[in-house]
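Asks: Sequence and predicted structure are below.
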Amino acid sequence: MPGNSRPLAMLFLFVSFVGCAHLSPSPMASRLASQPAESREHVYVIFVESPADLGQWGGLPQLSEYFRKCGLCQSYYFNPYVEGMDGKYLAAFVRRIRQDPKARVMLVGWSFGSIISLDAIHELAESRTCIDTMVYLDSWSLKLIGGEAQPNNVGRTVLVYRSHNEFPDGFPCPVKHTVDVCRHLNLPMAPHTVDVLFAEATRLASSVQKTDVPYLPEMATFSEPTL
């Protein structure tokens, strides 16, 4: 599913240019920080920016930095204007991460960044490279592309959407979270969203302690996280 199949004319649909949010400390951050450092160092969280969010109003750079300050040194901000719009660039980054045999990988796709993430997932499926957790943040575009399901090289799918924005179809048994905010741009840094992201990262850090080999699912499995 090549990235250049997505018409750039869709970009303007995904950003409201008012109502930027403020990042508040998350009580869930202490759970991640309490995980052993040797576990946290194998958890890679990649925040995939939306090309439509030209001013970074959603706050993904701040989120990535906050995760680093809370003890997750492998927190990355993926800017498609710098790194590349096509999912193949993100897929190549994930393949480099997978050179760490204990790596746990979580992608966080924000708005149109979800499409870049999904393109990367399809690219990775061709080489049977897996993503442990994929988090989609309030992406309208997932509904507009016709409900295309991601392949089964994703262990866990998490949908975080505003209460009045319907969840997309095409994902088997996703974990769903509803966030009570009105504006699209407020969702990434909303307290409940940040709590979910820390809970998912903590879940992966905890899994590092349980096995010496990477988690490489052949079929997606899901369970509801406890916040």
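Replies: All right, it came through fine. Numbers count the residues shown, from 1 in each chain.

Asks: Spell out for me which residue occupies the centre of the protein.
Replies: The C-alpha lying nearest the average C-alpha coordinate of the chain belongs to Val108 (C-alpha atoms, centre = their mean; 1.2 Å).

Asks: Quick check: that one is in a strand.
Replies: Yes - assessed by DSSP: H, G, I helix; E, B strand; the rest coil, Val108 belongs to a strand.

Asks: so who does it touch?
Replies: Going by C-beta atoms under 8 Å, 6 or more residues apart in numbering, Val108 touches Val45, Ile46, Phe47, Val48, Leu60, Leu63, Val135, Leu137, Leu197. For every residue, glycine as well, the C-beta is placed using N, CA and C.

Asks: Without its sequence neighbours, what residue ends up closest to His22?
Replies: Nearest residue to His22, sequence neighbours excluded (C-beta to C-beta, 6 or more residues apart in numbering): Met189, at 6.8 Å.

Asks: what about that neighbour, distance to Phe47?
Replies: When distance is defined by C-beta to C-beta, to the nearest Å, Met189 is 11 Å away from Phe47.

Asks: Can you pull the residues that touch both of the two?
Replies: Common contact partners of Met189 and Phe47 (C-beta under 8 Å, 6+ apart): Leu63.

Asks: These two: which has the busier surroundings?
Replies: Between Met189 and Phe47, Phe47 has the larger neighbour count (other C-beta atoms under 10 Å), namely 28 against 21.

Asks: List the beta-bridge partners for the more buried one.
Replies: For Phe47, the beta-bridge partners under DSSP bridges are Tyr77, Val108.

Asks: ok, Phe167 touching Val160?
Replies: No - counting by C-beta atoms under 8 Å, Phe167 does not reach Val160; the two are 9.8 Å apart.

Asks: higher neighbour count, the two?
Replies: Neighbours were counted for Phe167 and for Val160 using other C-beta under 10 Å; Val160 has more, 25 against 15.

Asks: in which helix or strand would I find that one?
Replies: Element membership for Val160 (DSSP states H and E) is strand 154-162.
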